[in-house]
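Q: how would this look folded up:
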Amino acid sequence: MNNMFMSFGVAFLAAVLSALGMGGGGVLLIYLTVIVGMDQLEAQGINLAFFVPAAIVALIFHIRGKLVDLKLAVKFILIGFAGVLGGVALAMWVPREILSKLFGGLLLIMGIRELWTSRRKGK
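A: Residues are numbered from 1 along each chain as shown. Got it, this is the predicted structure:
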């Protein structure tokens, strides 16, 4: 029962951070892999299950607010689907240990980039 409350709390925190544009999916992935001990691919699938509905709702609101160039959005959506298919194929081909290290490296690079960008904006 205690684990259920912790899971709910982490999911809620991830949702709040996502709503603020801070990358709550990263929190959810780290929690599922490190704390729960879930396989990375499974955790990423759950992360997508959270992300896709939120992205669809956000897109609807932005379209209603006339904040979306629909032609450009369709192009990026198609490119995104191609990226997803390529990523799935790569994930099935690359051993999981290497995939985890690549993902960790990507997170590290993104974190360093964010710190670097925020420092440059601050100056």
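
Q: how close does W93 get to Q44?
A: As for W93, its distance to Q44 is 16 Å (criterion: CB to CB, to the nearest Å). For the C-beta atoms, the positions are set from N, CA and C on the backbone; glycine is no exception.

Q: Please identify which of those two sits among more neighbours.
A: Under the criterion of other CB atoms under 10 Å, the comparison of W93 against Q44 puts Q44 first, with 21 against 8.

Q: who touches the more buried one in this structure?
A: By CB atoms under 8 Å, 6 or more residues apart in numbering, the contact set of Q44 is L29.

Q: any idea which element the residue sitting nearest the centre point of the chain lies in?
A: When CA atoms, centre = their mean is applied to the chain, the residue found nearest the centroid is G25 (4.2 Å). Element membership of G25, judged by DSSP states H and E, is helix 24-30.

Q: contact partners of that helix?
A: With CB under 8 Å, 6+ apart as the criterion, helix 24-30 contacts 10-11, 13-18, 40, 43-44, 46-47, 50-51, 107.

Q: Which of those ranks first by neighbour count?
A: A14 (24 neighbours).

Q: That one contacts I46, doesn't it?
A: No: contact criterion CB atoms under 8 Å: A14 and I46 do not qualify, at 10.5 Å.

Q: and the gap between L32 and G26?
A: L32 sits 11 Å away from G26, going by CB to CB.

Q: One more: V68?
A: Applying CB to CB to V68 and G26 gives a distance of 25 Å.

Q: cool, M6 as well?
A: On the measure of CB to CB, M6 and G26 end up 18 Å apart.

Q: Look at L32 and G26 and report which has more neighbours.
A: L32 (23 against 16).

Q: Could you tell me the model confidence score at that one?
A: Predicted confidence (pLDDT) for L32: 84.

Q: Quick check: closest non-adjacent residue to it.
A: Nearest-residue entry for L32: A43, 3.8 Å, with adjacent residues in sequence omitted and distances by CB to CB, 6 or more residues apart in numbering.
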